[in-house]
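Novice: for reference, the sequence and a predicted model appear below.
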Amino acid sequence: MNKYAFDHLCCTLSFMSNSEKIRVGIVGASGFTGAELMRLLGNHPEMELVAAAGDTQAGIAIKSLYPSLAASYGDMLYSAYDPDDFQGLDIVFLGLPHMASQPIAADLYNKVGCLLDLGSDFRLKDPALYPEWYGAEHSMPDLLDDFVYGLPEIFRNELKDAKAVAVPGCYPTSAILALKPFVDAGQILTHGGIVVDAASGVSGAGRAPKPNTTFATVDENFSAYGLLTHRHTPEIEQETGCQVLFTPHLAPMVRGILATCYARPANSGFSTEDALELLCNYYLEEPFVVVDEVSPSTKATLGANTVHLTARVDQRTGWLIVISALDNLVKGASGGAIQCANIAMGIDESAGLPVSGLMP
């Protein structure tokens, strides 16, 4: 076989291989969640990124903004958003700021295989909650019920063949996975005594510079914010069925969420052993949940699509404590989104998703 014939064969085989892959697009690909989607998709055996829109970076090479992605995407450029580039794709992820996905959803809903919104635009089922917690009316309230809440550990069956998915927020993911087993088992009081204190790394605030997320502000600092008014409160309440006092904190780290959740047991005989056993049984078959007696740490989840959980019951004060740790950009955003997409497309749920964190 001469060199031309060999090169032609290689090119043909490559095209055939690529054509068999699930075609993926990202709108908002230049943000942190978009970059994390690209990192994970670069190692995905079944999916191929074919469109990456980032209006603020249109015409710029992906590797110029994120050198870490150079090996996966070579000279691929960000494009300006054009619905024609995305309609007909198998999967489209929206990595946009809160309340920015609605007009894009109008372009793409029912025109792609599965639309996954990593923002908050379709998480809340009650449209009346959007003016209260997000300061604006929802422009597409009729679609809210069409979006499956994208937490596979709770809604796996609903995600199969889903056409639209609302990917949870990182704080709600950590709180819901910690509390839901106890709610479902009837082991905690759901009103008047549930507190979620959670701390996040600065990447949760997004790529755009803000006065409160500069290095000089965040370094050696720890602060609470969104007191009584944080927009993730109704999302946690909706999916747990609990009344929750939620207080988020900004920690001097890039990635990670540590959520400490407090609840009152429904019966006085409930023990630490009972709580750990309940968690273990609830998540026994889950590939991305680790339950252990050891108190979890954010560093153990760095770069992984895994959430670590533990629980204690303090007999002296009568409180149940459930602690969860996860990477806010992976399990709390982009990894969770790919996990949902895997399920929706009927492929291995764990495809392309790391389970082990990076240490040291």
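Specialist: Noted; the coordinates are in hand. Numbers count the residues shown, from 1 in each chain.
Novice: looks to me like K331 is in a helix.
Specialist: Yes. Checked against DSSP: H, G, I helix; E, B strand; the rest coil, K331 lies within a helix.
Novice: which residues touch it?
Specialist: 170, 173, 288, 301, 304-307 (C-beta atoms under 8 Å, 6 or more residues apart in numbering). C-beta here means a position set from N, CA and C on the backbone, and glycine is covered the same way.
Novice: cool, Y149 as well?
Specialist: Taking C-beta under 8 Å, 6+ apart as the test, what Y149 contacts is 123, 155, 158, 165-166, 168, 239.
Novice: and it, how far from I22?
Specialist: Y149 sits 22 Å away from I22, going by C-beta to C-beta, to the nearest Å.
Novice: now F182
Specialist: F182 is 37 Å from I22, by C-beta to C-beta.
Novice: so between these two, which is more surrounded?
Specialist: F182 (27 against 20; other C-beta atoms under 10 Å).
Novice: low pLDDT regions in the chain?
Specialist: Counting by pLDDT under 70, the ranges of the chain that qualify are 1-19.
Novice: what about the helices in it?
Specialist: Secondary structure of the chain (DSSP state H): helices at 3-19, 32-41, 62-65, 70-73, 102-108, 129-134, 152-159, 170-184, 215-218, 233-240, 272-282, 335-344.
Novice: okay but N342 is in contact with A351, surely?
Specialist: Yes. Counting by C-beta atoms under 8 Å, A351 is a contact partner of N342 at 5.3 Å.
Novice: please tell me how far L77 sits from G204.
Specialist: Distance from L77 to G204, by C-beta to C-beta: 27 Å.
Novice: for I188, same thing?
Specialist: Taking C-beta to C-beta, one finds I188 at 27 Å from G204.
Novice: is it possible to get a markdown table of the helices of the chain that adds distance to C261?
Specialist: Supplementary listing: the helices of the chain in a markdown table, determined by distance: least, C-beta to C-beta, whole Å:
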| stretch | distance to C261 |
| --- | --- |
| helix 3-19 | 45 |
| helix 32-41 | 24 |
| helix 62-65 | 36 |
| helix 70-73 | 37 |
| helix 102-108 | 31 |
| helix 129-134 | 20 |
| helix 152-159 | 16 |
| helix 170-184 | 5 |
| helix 215-218 | 24 |
| helix 233-240 | 10 |
| helix 272-282 | 12 |
| helix 335-344 | 19 |
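Novice: among these, which is nearest D197?
Specialist: helix 170-184 (9.9 Å; C-beta to C-beta).
Novice: what packs against that closest one?
Specialist: Here helix 170-184 touches helix 152-159, strand 194-200, helix 233-240, strand 244-250, strand 257-263, helix 272-282, strand 307-314, strand 319-326, going by 3 or more C-beta pairs under 8 Å, 6 or more residues apart in numbering; DSSP states H and E.
Novice: just want the angle from it to strand 257-263.
Specialist: Put simply, helix 170-184 runs at 30 degrees to strand 257-263, going by axes from the mean of the first three to the mean of the last three C-alpha atoms, to 10 degrees.
Novice: which parts of helix 170-184 are buried?
Specialist: 170-183 (16 or more other C-beta atoms under 10 Å).
Novice: same thing with stretch 208-219?
Specialist: Buried, per 16+ other C-beta under 10 Å, within stretch 208-219: 213, 218.
Novice: span of it from start to end?
Specialist: 18 Å (C-alpha to C-alpha, to the nearest Å).
Novice: run the chain-centre distance for that stretch.
Specialist: Relative to its parent chain, stretch 208-219 has a centroid offset of 23 Å by C-alpha atoms, centre = their mean, to the nearest Å.
Novice: swap in stretch 338-346?
Specialist: For stretch 338-346, the distance to the chain centre is 13 Å (C-alpha atoms, centre = their mean).
Novice: now what about it, what contacts it?
Specialist: 22, 37, 40-41, 44, 46-47, 90-91, 93, 113-114, 116, 148, 150, 152, 156, 159-163, 165, 167, 288, 305, 348-353.
Novice: among the residues you listed, which ones are buried?
Specialist: 22, 37, 40-41, 44, 46-47, 90-91, 93, 113-114, 116, 148, 150, 152, 159, 162, 165, 167, 288, 305, 349, 351-353.
Novice: out of the helices and strands packed on helix 170-184, nearest to M99?
Specialist: So among those, helix 233-240 is nearest, using C-beta to C-beta, at 14.0 Å.
Novice: so the closest one versus strand 194-200, what angle?
Specialist: 120 degrees.
Novice: who touches helix 233-240?
Specialist: 120, 123-126, 129, 132-133, 149, 151, 154, 168-169, 171-172, 175-176, 179-180, 183, 190, 194, 196, 242-244, 246.
Novice: and for stretch 125-138?
Specialist: With C-beta under 8 Å, 6+ apart, stretch 125-138 has contacts from 98-99, 102, 120-121, 124, 141, 144-145, 229, 231, 233-234, 238.
Novice: same thing but 10 Å
Specialist: Contact with stretch 125-138 is made by 98-99, 102, 120-124, 139-142, 144-145, 147, 149, 166, 229-235, 237-239, as judged by C-beta atoms under 10 Å, 6 or more residues apart in numbering.
Novice: can you give me the buried ones in that stretch?
Specialist: For stretch 125-138, by 16+ other C-beta under 10 Å, it's 129-130, 133-134, 138.
Novice: in CSV, list those along with distance to A251.
Specialist: CSV is the format used below for the buried residues of stretch 125-138 (distance: C-beta to C-beta, whole Å):
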residue, distance to A251
L129, 28
Y130, 28
W133, 23
Y134, 24
H138, 32
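Novice: looking at the residues you listed, which two lie furthest apart in space?
Specialist: Pairwise over the buried residues of stretch 125-138, using C-beta to C-beta, the maximum falls at W133 and H138, 11.1 Å.
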